[in-house]
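K.L.:
Mind looking at a prediction? Sequence and model below.
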Amino acid sequence: MNHSNYWKETHTPLYSFIFTLPLFLVYEIGIFSIATSDLPLLRNGADVIMRQMMEMLGVFGPYGFSGSFLIGFMIAFLRQKKKLMSTAIRGEYLLTMLFESIGWAIILTIVMIWFPILLMNGKDGRLLQQVVLAIGAGIYEEFVFRVILITGLAAVLEFIFQWGPAGKKVGAVILAAMLFSGFHFVGAFGEPPSMYIFFVRMVAGIVLGAIYVLRGFGVAAYTHTIYDLFVLVKFTTSS
């Protein structure tokens with residue numbers, strides 16, 4: 001395996017699409033196999049926000065946003081595929097990305113061990129529900145708070161303050177992490193306000209944001225999902 005090609009090609013939307021497609025499908029199948037009446041409660045919060053935004057644009061129904069999300073991924077996939085010198089998807093790259101994501105999740109877990117709590121929303125409920133929500137967090141929270149916010153905030157910081165490539169990315173990662181942390185306290189199902197938990201989750205957001213900038217959406221999404229599954233295993237085995 002050519003290591004220089006691996007780091008370059010796996011950072012592209014093409015590999016992110018292929019890599020995260022199984023997570024997306026498992027999440028959607030899991031959501032609709034649990035209980036249709038519980039969908040508003042079981043869906044990941046970032047997922048709900050995106051669906052509400054799509055409804056404002058006229059896209060309705062439980063499958064509306066899922067289809068739009070998949071179409072968007074397909075467009076990114078086709079555009080990126082034309083630009084690549086080789087259109088072959090290397091299975092060893094995808095497998096290496098999985099092991100890389102596990103490694104990043106272990107690093108994130110080590111970072112969070114310094115704090116008395118391991119973060120994961122919705123610790124109550126059945127195991128299947130928690131697994132599905134962990135997968136949803138990996139996909140939708142990374143898409144909203146990393147792909148959309150970091151990209152958008154970096155553009156704003158460059159436009160307003162004329163920051164360079166490094167400065168705007170660092171600033172965007174920090175701001176997105178603050179919004180990511182604050183998001184968990186908002187709404188009917190938000191957590192009680194806590195500056196300590198805000199700071200801890202902000203640290204996690206900075207780590208995930210750095211992973212996104214360095215390695216792309218696919219690796220960041222899997223890292224987030226695997227970390228949440230680590231936490232779920234801890235709570236399950238300790239209860």
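P.N.:
It's in.

K.L.:
What residues does the most centrally placed residue in the chain make contact with?
P.N.:
Centroid-nearest residue in the chain, with CA atoms, centre = their mean: residue 142, separated by 2.2 Å. Neighbour list for residue 142: 208, 212, 217, 220, 221, 224 [criterion: CB atoms under 8 Å, 6 or more residues apart in numbering]. C-betas here are computed from N, CA, C, even on glycine.

K.L.:
Next, format those as TSV and append pLDDT, secondary structure and neighbour count.
P.N.:
Output for these, formatted as TSV (pLDDT from 0 to 100; DSSP: H, G, I helix; E, B strand; the rest coil; neighbours: other CB atoms under 10 Å):
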residue	pLDDT	secondary structure	neighbour count
208	97	helix	26
212	97	helix	25
217	94	helix	24
220	97	helix	30
221	96	helix	29
224	95	helix	30
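
K.L.:
ok, so of these, who is nearest residue 32?
P.N.:
In terms of CB to CB, no member of the contacts of residue 142 lies closer to residue 32 than residue 221, at 20.3 Å.

K.L.:
can you tell me which residues contact that closest one?
P.N.:
16, 19, 20, 23, 138, 139, 142, 143.

K.L.:
Give me the nearest residue to the fifth one, chain neighbours excluded.
P.N.:
Meaning residue 138. Closest residue to residue 138 apart from its sequence neighbours, by CB to CB, 6 or more residues apart in numbering: residue 225 at 3.0 Å.

K.L.:
ok, the one you found touching residue 23?
P.N.:
Yes. Shown here, residue 225 and residue 23 form a contact pair, counting by CB atoms under 8 Å, at 6.3 Å.

K.L.:
which of these two has more neighbours?
P.N.:
Neighbours per residue, other CB atoms under 10 Å: of residue 225 and residue 23, the larger number sits with residue 225, 25 against 19.

K.L.:
can you tell me how far that one sits from residue 174?
P.N.:
Separation of residue 225 from residue 174 (CB to CB, to the nearest Å) stands at 23 Å.

K.L.:
try residue 144
P.N.:
As judged by CB to CB, residue 144 and residue 174 stand 17 Å apart.

K.L.:
So between those two, which is more surrounded?
P.N.:
When neighbours are counted by other CB under 10 Å, residue 144 and residue 174 differ, and residue 144 comes out ahead with 21 against 15.

K.L.:
Can you show me the helices along the chain?
P.N.:
All helices of the chain, identified by DSSP state H, fall at 3-9, 13-34, 39-42, 45-56, 64-83, 91-113, 127-136, 142, 149-161, 165-183, 195-215, 217-238.

K.L.:
winner for burial among those?
P.N.:
helix 142 (a mean of 29; mean count of other CB atoms under 10 Å).

K.L.:
is it true that residue 212 touches residue 149?
P.N.:
No. The criterion here is CB under 8 Å, and residue 212 misses it with residue 149 at 10.0 Å.

K.L.:
so what pLDDT did residue 88 get?
P.N.:
Note on residue 88: pLDDT of 73.

K.L.:
ignore the last one, residue 17
P.N.:
Looking at residue 17, the pLDDT reads 86.

K.L.:
go on, residue 26?
P.N.:
Per-residue pLDDT puts residue 26 at 88.

K.L.:
list the contacts for the closest residue in space to residue 92 that isn't next to it in sequence?
P.N.:
Leaving aside its sequence neighbours, residue 92 sits nearest to residue 1 (CB to CB, 6+ apart; 5.6 Å). Each residue near residue 1 by CB under 8 Å, 6+ apart is listed here: 90, 92, 93, 96.

K.L.:
Kindly report the same for residue 202.
P.N.:
Contacts for residue 202 (CB under 8 Å, 6+ apart) come out as 177, 178, 180, 181.

K.L.:
again, only this time at 6 Å
P.N.:
With contact taken as CB atoms under 6 Å, 6 or more residues apart in numbering, residue 202 is in contact with 177, 178, 181.
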